[in-house]
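S.K.: Pasting a predicted model and its sequence here:
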Amino acid sequence: MELAITLLYYTFQALQIYLYILIADVLLSWLPEIRQTTIGHWIHRLANPYMRLFRGWLVIGMFDFTPIIGFMLYQFGLSMVGRMIQLMILNL
């Protein structure tokens, strides 16, 4: 049981780090000259597999608002994993 909690905890930490990568990717989309740097390319390559699932759903003019949907779903999943960890710890 403790191994499962430890694995879930490290998964939760990795998912939180990935959330910051997603946020950085969205912010870099507003600054194209920075996105062209090596770090910008890496951040985009890491974030693209998840974010491309939501691109183009809600576009108004030049603005694509679907990353908001992606963030909401990601945050919901992250909170569910956190809640699972809490429940597992309480049941020890």
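M.R.: Arrived safely, thanks for sending. On a predicted model such as this, the values are computed, not experimentally measured, just so you know.
S.K.: Tell me if I am right that L73 is in a helix.
M.R.: Yes - L73: assigned to a helix according to DSSP: H, G, I helix; E, B strand; the rest coil.
S.K.: and it, how many neighbours?
M.R.: Neighbourhood size, L73 [other CB atoms under 10 Å]: 13. The way it works is simple: take the backbone N, C-alpha and C, and place the C-beta from them, glycine included.
S.K.: Quick check: it vs N91, distance?
M.R.: 27 Å (CB to CB, to the nearest Å).
S.K.: likewise A14?
M.R.: Note on A14: its distance to N91, by CB to CB, is 23 Å.
S.K.: Following element in sequence after the strand or helix carrying L7, please.
M.R.: Per DSSP states H and E, L7 falls inside helix 2-29. Remark: after helix 2-29, the chain's next helix or strand is helix 32-35, criterion DSSP H and E.
S.K.: Good, we can wrap up now.
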